[in-house]
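[1] Need the 3D shape of this:
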Amino acid sequence: MMIATSAPGTATALHTMLEEVIAGLSQDQKTLPSKYFYDERGSKLFDDICELDEYYVTRTESSLMQERVADIATVIGPNVLLVEYGSGSSLKTRLLLRNLDRPAGYVPIDISGEYLSQVGDSLQAEFPQIEVMPVVADFTKSFEIPSPNDAETRRVIYFPGSTIGNFQRNDAKALLARMAEMAGEGGGVLVGVDLDKNRDVLRAAYNDSKGITAQFNLNVLRRINNELGGSFILDKFRHNAIFNDYHSCIEMHLVSTERQTVNICGYTFEFDENESVLTEYSHKYKVEAFRRMANEVSLNVKNVWTDADNMFAVIYLERDLSTRALFTSRFAK
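    Presented below is the predicted three-dimensional model:
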């Protein structure tokens, strides 16, 4: 099994990481890109988060998928090339692959090459009849999707786990637009969306009692130390997740516990006591609000599946070809 790569792990990727880290830490509200949580250690920590009692997202989405997977597979149709953005361990995808009608292939895309290699080998062993073609890439950037040996009738981009919520609204729109363009005419986008809900449930999900989310959050500093020669002392930062009512989202922060100085590749950053670094957004949607956002990039919602408690939605979208020219010129670049 060949694993395609698109920059991560290379000198170019490290240069990009350095540029993005320096730019984020230079803002008045310091930020760090959440994608840098996900090296091998970070990916495993996220899998541990998904098993937590407080973290309802994976449990609810998995139950919903088990209940409605036959309907979803029917909508997707036969001979599909399934392309998953940010695949991680591909746990939910295994259920989908078992129910698809003669899929032409599966392309898991993840930024963590070592982790993706392990998962790709496991998937190919579990599904020997399906061509598994992992791609190491940052799915927010341009990359190539390999062609399967078997002819594909259509292409569907799969984006589970409510990761779409990690993007601010304009970035989420742009990402949806690129997904639709990647799917092409006749293709589709299948996306998991965490729905707006009780605030106490949300806060508990991102401030778990075992502190695994805190370890996951701090992993971005560990990566900067390991890969960019940073001087972060992890014990001098604490995890904090709050709910932003105005934007309907969880914000994850790393809060400096004292006044301190951090060096990264010759750049120096001062932190005041209790100053925070914003590391992740997790937006929560109402279905109608998500529909309106998708319509703005010429995507039409065709199917919506929700759980009985209306906690989570799996949404299937297709392009509105009548507005293709506008869609392409504004968002496909």
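
[2] All the strands of the stretch 151-300 of the chain, residue numbers only.
    Taking DSSP state E, counting those that start in this stretch as the criterion, the stretch 151-300 of the chain carries its strands at 154-159, 188-194, 237-244, 249-256, 260-264, 267-271, 276-283, 299-306.

[3] got a markdown table for those, with mean pLDDT too?
    A markdown table is the format used below for the strands of the stretch 151-300 of the chain (pLDDT from 0 to 100):
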| stretch | mean pLDDT |
| --- | --- |
| strand 154-159 | 96 |
| strand 188-194 | 97 |
| strand 237-244 | 97 |
| strand 249-256 | 98 |
| strand 260-264 | 98 |
| strand 267-271 | 98 |
| strand 276-283 | 97 |
| strand 299-306 | 97 |
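
[4] Buried deepest among those strands, which one?
    Among the strands of the stretch 151-300 of the chain, the stretch with the highest mean neighbour count (mean count of other C-beta atoms under 10 Å) is strand 188-194, at a mean of 25. In short, each C-beta sits where N, CA and C put it, glycine included.

[5] and the strands of the stretch 151-300 of the chain as a markdown table, adding distance to residue 32?
    Listed next are the strands of the stretch 151-300 of the chain as a markdown table, based on distance: least, C-beta to C-beta, whole Å:
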| stretch | distance to residue 32 |
| --- | --- |
| strand 154-159 | 22 |
| strand 188-194 | 22 |
| strand 237-244 | 11 |
| strand 249-256 | 8 |
| strand 260-264 | 11 |
| strand 267-271 | 11 |
| strand 276-283 | 5 |
| strand 299-306 | 30 |
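
[6] For residue 71, which of the ones you listed is the nearest?
    When these are ranked by distance to residue 71, counting by C-beta to C-beta, first place goes to strand 299-306 at 6.9 Å.

[7] Can you list the strands that the closest one pairs with?
    In its sheet, strand 299-306 lies beside strand 312-319 (antiparallel), with partners assigned from DSSP bridges.

[8] Any figure for the gap between the residue lying closest to residue 35 once chain neighbours are set aside and residue 252?
    Leaving aside its sequence neighbours, residue 35 sits nearest to residue 111 (C-beta to C-beta, 6 or more residues apart in numbering; 5.9 Å). Here residue 111 is placed at a distance of 18 Å from residue 252 (C-beta to C-beta, to the nearest Å).

[9] Out of the strands of the stretch 151-300 of the chain, which gets nearest to residue 67?
    Smallest distance to residue 67 across the strands of the stretch 151-300 of the chain (C-beta to C-beta): 8.1 Å, for strand 299-306.

[10] contact partners of that closest one?
    Taking contacts as C-beta atoms under 8 Å, 6 or more residues apart in numbering, the residues outside strand 299-306 that touch it are 64, 68, 71-72, 75, 176-177, 180, 188-189, 195, 287, 290-291, 294, 312-320.

[11] From those residues, list the buried ones, please.
    If you count burial by 16 or more other C-beta atoms under 10 Å, the buried members of these come out as 64, 68, 72, 75, 176-177, 180, 188-189, 195, 287, 290-291, 294, 312-320.

[12] ok and the longest helix anywhere in the chain relative to strand 276-283, angle-wise?
    With residue count as the measure and DSSP state H as the assignment, the chain has helix 56-76 as its longest helix. If you take axes from the mean of the first three to the mean of the last three C-alpha atoms, to 10 degrees, helix 56-76 sits at 40 degrees to strand 276-283.

[13] Each with direction, which strands does the next helix or strand after helix 56-76 pair with?
    The first helix or strand that comes after helix 56-76 along the chain, using DSSP states H and E, is strand 80-85. Its sheet considered, strand 80-85 pairs with strand 105-110 (parallel), strand 154-159 (parallel) by DSSP bridges.

[14] got the angle for strand 80-85 vs strand 188-194?
    40 degrees.

[15] what residues does strand 80-85 touch?
    When contacts are defined by C-beta under 8 Å, 6+ apart, strand 80-85 is touched by residues 76, 90, 93, 96-97, 100, 103-109, 139, 145, 148, 152-160, 163, 179, 182-183.

[16] before we move on, the earlier item: buried ones in the longest helix of the chain, by neighbour count?
    Using 16+ other C-beta under 10 Å as the burial criterion, the residues of helix 56-76 that qualify are 56-58, 60-62, 64-65, 68-69, 72-73, 75-76.

[17] what sits against the residue nearest to residue 84 when sequence neighbours are not counted?
    With sequence-adjacent residues excluded and distances taken as C-beta to C-beta, 6+ apart, residue 84 is closest to residue 158, at 4.5 Å. Residues in contact with residue 158, defined by C-beta under 8 Å, 6+ apart, are 82, 83, 84, 85, 93, 96, 190, 191.

[18] one step back: can I get the buried residues of helix 56-76 in TSV including distance to residue 32 and pLDDT?
    Written out in TSV, the entries for the buried residues of helix 56-76 read as follows (distance: C-beta to C-beta, whole Å; pLDDT from 0 to 100):
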residue	distance to residue 32	pLDDT
56	26	96
57	22	94
58	24	90
60	28	96
61	26	95
62	29	93
64	31	97
65	31	95
68	36	97
69	36	97
72	35	98
73	38	97
75	37	97
76	36	97
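
[19] just curious, which of these is nearest to residue 214?
    Nearest to residue 214 among those: residue 57, at 17.3 Å, using C-beta to C-beta.

[20] Where does pLDDT dip in the stretch 51-200 of the chain?
    Screening the stretch 51-200 of the chain residue by residue with the criterion pLDDT under 70, one finds the ranges 89.
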